Each structure stands twice: as C-alpha cells, then as structure tokens.
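# build the 3D model from these lines:
(chains A, B, C and D)
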There are 2 protein chains.
Amino acid sequence: MQVTIKDVAKKAGVSIATVSLVLHNNKRISNVTRNKVLKAIKELNYHPSRSAKGLVTKTTGNIGFVLTEDHFLRTEPFYTKIFLGTEFVTRGNDYYVLLATIKRDFEEHDPLPRFILEKNVDGIIIAGKVPSLFLSQLSKYKIPLVFVDFYPPQGNYNVVLIDNIKGGYLATKHLIELGHKNIAFVGGDITHPSITDRLIGYKQALESSNIPINQNFIITDEDYPARSNGYNAARKLLTNHKNITAIFACNDAMALGIMQYCSENDIKIPDDISIVGFDDVESDISITPQLTTIRVPKTELGIEAMNLMVNLLKEKENLQTKKILVPVELIVRNSTKKITY
Amino acid sequence: MQVTIKDVAKKAGVSIATVSLVLHNNKRISNVTRNKVLKAIKELNYHPSRSAKGLVTKTTGNIGFVLTEDHFLRTEPFYTKIFLGTEFVTRGNDYYVLLATIKRDFEEHDPLPRFILEKNVDGIIIAGKVPSLFLSQLSKYKIPLVFVDFYPPQGNYNVVLIDNIKGGYLATKHLIELGHKNIAFVGGDITHPSITDRLIGYKQALESSNIPINQNFIITDEDYPARSNGYNAARKLLTNHKNITAIFACNDAMALGIMQYCSENDIKIPDDISIVGFDDVESDISITPQLTTIRVPKTELGIEAMNLMVNLLKEKENLQTKKILVPVELIVRNSTKKITY
DNA sequence: TAAAATAATTAAAACGTTTAACTATTTTAA
DNA sequence: TTAAAATAGTTAAACGTTTTAATTATTTTA
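Purely as a prediction, here's the structure:
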C-alpha cells in the first residue's frame, strides 16, 4: 500500500542505497542519477517512513515543548504565540513538536511528560518559568534543552530571551523624557530573571539621567505578575506616595490591574499618572486608554528557540551553550503624557 | 545504550516473543512467566521503541490536532482548553498529539500540515470551523477524523459538540423567567452549525412560552462572532428597537462588545438591559458586571474528542459514525435582572 | 500407557530505512 | 602505459519491534 524506498529505487532503476543518498544530498551521486531519483520520488509522492528512519538513526524527529498549565492558558496568548513560532519553524524542517504542560506546583511524585519517560523526543524546549523540582528530575534524562523566556538560576544553558534590560531602560527613559521624575516600578516575583533585568533597565535609565533611585517606589513583593497583583501594588504605592507621576509596570497584566485601581479611584490616565507596560498584548486585548508598552515579538521568540534547538541537534558536538537576545521596541500609545505641573 | 526488548528477555530468561506477548496482555502467557517479565521490565526501566513498533504495525502513535491560527490565538483560551483536554487523555494512553494551525483563509495551494502529507498521524482531530477547501484537500488522505465544536455541512462524521440547542434554550428561558419578552438574539456567522443551533434553542424557548418571534430582534449578519461585531450588532439593535430589554449573545465575546456599546451609550446593565452570553470565559477574563452565561466545559470537549478518536482507532472496523453531545449549564451572574416596568 | 488435546513458549520473517564497506569505472599522474 | 586516486554506485547488515506458524511441554482422555 504505502510507497517505500524500494518502489522509488525500482522506478528510477537504481539501488535503494542510491535513493537514500539522494535524499541526504550526498555528493557521491551524479546529477543524472539524482534527477532520475528525484523524478521518481515526485511521481510516486514518496515520503520516507519516520519509523524506519528513527529505528536506524536512533532519533525520533520530535521536539518536546514544556510549559506550565497556567502559562499555556494565559488570557493573553503570550506562550501560545511562542509555541506557534516553534511550529512555524518545524513546517520547514523534519521535526514535529509535542506539547506537554506541567503543573505550576509540580511535586516530587508527579509524573514527567510521557515523551520524557519514553525518551520520545530528541530535545526539549522549556517555555517560561517552570518549577525547579521539574528541572532537577528532567536533568537525569540527558536530553538537549533550550530555554525560552526563562532560565534556571544557576548553570549554563541554551536560552532565548527578550532583551529585558533594554526594555526596562526604554520604558523608563520614555517616562523621563516626558518630564517624569517620580517613577515607580511595579514587578511581581523578583526571583524571575526577566523581572530582575527589567528592574536593572529601570535603574540604569534613572541613573543615566541622574535621578536618584527611591526604594519606596519599587514594589517587588507580589508573588506573580498578574492583574490582581498590579491592583494591589497600585493601592500600596498610590496611597502612600502621592507624588508619583508615572509607573513602569513589569508587564501589561499588572499595568491593567493598576489601570483598574486608578479608574476606581478617579485617578485619570494619562492626565494624573502615566503608565508603561511590558509585553504588548494590545493587539490581543483591547484596553482603554491604549497602553504605552514594550513590544515583545512573541512568535519570534519561538522561532529563535526552535532554530537554536535544530542547530544544536545538527552539530552533534554540543559546543558551547548559546544565549540569544531578541530585541524589543517601545510602542507609544495613550497611557503616557508629558508631565504637567 | 538503550534498553531493548532483548535485554528484558535475557534478564527474565525468556524469548523476546514472550516479552512482546506480555506487553500486549496476551493470555497465552502463564502468570508465572508474566510476572518474571514484568519484574524485568520494571527493573530495567524498559520502554518499547515507538519507531520499531511503528515499523511493523504501520502506525505512528500520533494524533493530529488541527485548528485555524486565529482560533488558537483567541484571547479567551477556548480552543487552547480543548487542546489541553486531548493532551490529558494522551497522558494515559499510547498516543502523542501533534498540533498544527492552518490559516483561516486557507487557499488552493497552501500546503497541508506536514504530518498529513507525510502520513505521520493515525488520526486527526479538527477543532472549530475550518475552511471547506482544507477539508476537501484532506479528504483525499483517508485519515480517520473527529470533529470537535464544529462539523462540515454535509456528510457523516464523528463529532463532539456542545449541546448548543439546549444552551440557547436555557439562556433564553432564563430571560423569559425574569419577565423579559422583547429578547434579541445576536449571532455571527449563521452558517456555523453551533450558531444555528443556539438560535434554534432561542426560538424553542420563546415558542414554549408563547412569545412571538420577532425577526427584527435577530441579528445574524455579522461574519464572525467577535467582540467588535457584537458592538456593531448592539448599535443596530438598540438604535432601532428601543423596546428591547434583553439580549442573548451567541458567545461571550459578542456579549462583551454589546456591553461596551452599552457602557459608551449610558445604557445600564442589568438595570436597563439584561445580557446573557455563551461559553463562560468569565474565569479567564474578568468582566464587569459579571456575565450571566452558558458554561461550556471546554476541557471536557477535548477529552471526549480524544477518547472518541482512540476508540475509533482501536476498533479497526470504522463502525458507524458517532455524535457526542456535551451538556451545558446556565451560570447566573450579574448581567441579568428581573424586568422592571 | 499411548494418543489426543491443550497450554506455553519460541523461531524467524518482516517492516523501511541508513551507512560502512565494497566494487566498478573513470580520471590523473608519473 | 600503468598504478594510484577519485568518482559513482551497490551490497548487505543493522536497528527493535510484532506476529504467525512451529515447537515443546503439560494435561486430559481412552
């Protein structure tokens, strides 16, 4: 039923080895033969059996994509877009992506994704923050890893990141250029490397403009950068420090929470306070007023991660680990305004 | 390196055939032998090679999951949850899910997902409405299909659906019980079977209460059930028919658009008008006021679809096609209210 | 106690690739 | 002119399973 390499070989009048060599662009084959074979492949609509190939090469052709369930289900399609980026890349190569979610509170005896236990992937892309317990369990399996939008606190890893420092800098610099001096930083989960970096960018921008850093303006004790925590942070900040004229929120979700607090407390945006977010979920969610933010090319992150993985697997020597920084961009909309005295 | 069936056989002191038979629960094997083998499997942490198995059984162990890109990226994780449901099921069986997106405006020469071309799936789950051109191209491949939350206009298919008629009925009945008589229906894309069914439920509820159906209250000319189209529909309805006191929106996204129109035009919800949605994205998105809606168990849809697929593949005879209706539930929140005269 | 029936296990072929080793032919160099 | 080198292609083994048919062991029957 199925068309096999044998059928191709017979049709082209060559051995199956020749067909295989053509398939792998081996230069030992003359152009004449190559074309005969390619013609036969096309005419028979031949596709090699992944199983047969896998059996002899000991590869699976699968790449795992692991993230926590709550990240996958996030309202704004952030990780979904990263995943889509990886899928785009696999359309043009020989891999398939297997997605698996794990729980955010992964525990000792929770099972690992089946493709790990069964060694049914050639590599794994890990998107977003995952429990360290998961990582330590995973490490026993000696599977090539690429991290995207997160990396473990210690060790050397292949990783694709947003340029968080630059983003934090751009956001803060924008506010400074609008005349703001009392600029707050609202972050959740300061142990997350991305948040740390955004804070570094924030501080760099202030320093470069000789604005003293006020620790009271920096809120990093919320455990998770979610809308509700933005709301709480805004309450803390704005009740205690009436002189704040601008807030840099470490992501759009928190910015939304801040905006909600403002709206409920009759604080006008951008007239009374300017707000900058991070992520740019604008295109996915409509927000009033439109949010000035740092655009993060989410699909691009996935594309870079998958490309990195594919290269990793190609060069069997696992060389040095690579870090890729994806550039960000300031998008000015209506939530920021020149300061008025 | 890898542990193979040979290692297990040697350790258990039996032939590899015996190991294989144990693995397949063949009753020809005595309990004594079975236990010896199972013990060896456990001790060696043996997992059969999917490639080797696939080569001989001509199966891949993969199930494709296809949906349009815009569905996958929808703000409310609707299809994402359906996908997650399929993933949950595969944790307990021997399949992997391969996700592929296609464009909503799939065209003649757009490539099909690679796993179709390469016949690298045993079956495909199709989630949500997909272009009919895609379906006609797909039909050439003779791959078992299961549709979820959508099915093609003609033909006989395995399909998992929400009980849309019931949902439409429950939503409308709720409004009627609150004393409403002038109840509008806002749907997009009336060619979509789910929308048609919700409209049927709407009509059934009105008829069962002897309320005449007013065609002017039924808006189905928006092409897509999106927020912006809900907004437009609300404008059309509420400027022309001041006597409308309630709206049943065919999904929460459109309900949100309607709410936005109302808020901008100083129409109070639920005081001036009651609104019922469909889908229940409440838990994923926070809406003010909280939306009365029909809860759709999204993950459940995915679970049912994958179970159906697995059974389909098990019973090699493709029996009759099956239709599964997943029940829905009315969730009363704050967007509906007893009518006041 | 031998034959027949049944139960348990195994041998071996097959699945469709890849690739190292080999052969045959042509080209190059001395 | 010939040996060596380069080029082009082939042979055959190997990968790790499943499964049918054959074989062996055990139990039942007469």
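
# contact residues of the stretch 1-150 of chain A facing DNA strand D?
Neighbours of DNA strand D within the stretch 1-150 of chain A, by CB under 7 Å from any atom of the strand: A:14-18, A:21, A:27-30, A:32-34, A:52, A:55-56, A:58. Where you see a C-beta, it was placed from the backbone N, CA and C, and this is true even at glycine.

# start to end distance for stretch A:42-58?
Length of stretch A:42-58, first residue to last, CA to CA, to the nearest Å: 27 Å.

# one step back: list only buried entries from the residues of the stretch 1-150 of chain A next to DNA strand D.
A:14, A:18, A:21, A:29, A:33-34, A:55 (16 or more other CB atoms under 10 Å in any protein chain shown).

# so which of those residues also contact chain B?
A:L55 (CB under 8 Å from any CB of the partner chain).

# from DNA strand C, how far out is A:K323?
30 Å (CB to the nearest atom of the strand, to the nearest Å).

# over to A:A255?
For A:A255 relative to DNA strand C (CB to the nearest atom of the strand), the value is 51 Å.

# what is the helix or strand that residue falls within packed up against?
Assignment of secondary structure by DSSP states H and E places A:A255 within helix A:252-264. For helix A:252-264, the elements it packs on are strand A:183-188, helix A:227-240, strand A:246-249, strand A:274-276, judged by 3 or more CB pairs under 8 Å, 6 or more residues apart in numbering or on different chains; DSSP states H and E.

# count of neighbours near the closest residue in space to A:K181 that isn't next to it in sequence?
Excluding the flanking residues, the one nearest A:K181 by CB to CB, 6 or more residues apart in numbering or on different chains is A:I211, at 5.6 Å. A:I211 has 16 neighbouring residues, counting by other CB atoms under 10 Å in any protein chain shown.

# in the helix holding A:A255, what's buried?
Quick answer for helix A:252-264 (16+ other CB under 10 Å): A:252-262.

# okay, these in CSV with pLDDT and distance to DNA strand D next?
Shown next, in CSV, are these (pLDDT from 0 to 100; distance: CB to the nearest atom of the strand, whole Å):
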residue, pLDDT, distance to DNA strand D
A:D252, 92, 48
A:A253, 87, 46
A:M254, 91, 49
A:A255, 93, 52
A:L256, 89, 51
A:G257, 89, 52
A:I258, 94, 55
A:M259, 92, 56
A:Q260, 87, 56
A:Y261, 92, 58
A:C262, 93, 61
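
# sort out which one of the residues you listed lies nearest B:T86 for me.
Nearest to B:T86 among the buried residues of helix A:252-264, counting by CB to CB, is A:A253 at 27.2 Å.

# for that closest one, which non-adjacent residue is closest in space?
Closest residue in space to A:A253, ignoring its immediate chain neighbours: A:R227 at 4.9 Å, by CB to CB, 6+ apart.

# before we move on, the earlier item: looking at the residues of the stretch 1-150 of chain A next to DNA strand D, which are in helices?
Per DSSP state H, helices hold the following members of these: A:16-18, A:21, A:32-34, A:52, A:55-56.

# now A:L170, nearest residue through space, not along the chain?
If the residues on either side of it in the chain are set aside, A:L170 comes closest to A:L330, at 4.5 Å by CB to CB, 6+ apart.

# all the helices of chain A, residue numbers only.
Listed in chain order, the helices of chain A (DSSP H) span A:5-12, A:16-23, A:31-44, A:50-57, A:69-72, A:78-91, A:114-117, A:132-138, A:164-177, A:193-208, A:227-240, A:252-264, A:298-314.

# let me have the ones you listed in JSON lines, adding distance to B:L237 as columns.
Converted to JSON lines, these look like this (distance: least, CB to CB, whole Å):
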{"stretch": "helix A:5-12", "distance to B:L237": "62"}
{"stretch": "helix A:16-23", "distance to B:L237": "61"}
{"stretch": "helix A:31-44", "distance to B:L237": "56"}
{"stretch": "helix A:50-57", "distance to B:L237": "54"}
{"stretch": "helix A:69-72", "distance to B:L237": "37"}
{"stretch": "helix A:78-91", "distance to B:L237": "33"}
{"stretch": "helix A:114-117", "distance to B:L237": "50"}
{"stretch": "helix A:132-138", "distance to B:L237": "51"}
{"stretch": "helix A:164-177", "distance to B:L237": "42"}
{"stretch": "helix A:193-208", "distance to B:L237": "45"}
{"stretch": "helix A:227-240", "distance to B:L237": "31"}
{"stretch": "helix A:252-264", "distance to B:L237": "27"}
{"stretch": "helix A:298-314", "distance to B:L237": "36"}
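
# for B:V89, find the nearest of the ones you listed.
Counting by CB to CB, B:V89 lies closest to helix A:114-117 out of the helices of chain A; the figure is 11.7 Å.

# A:G167 contacts A:T293, correct?
No - counting by CB atoms under 8 Å, A:G167 does not reach A:T293; the two are 9.5 Å apart.
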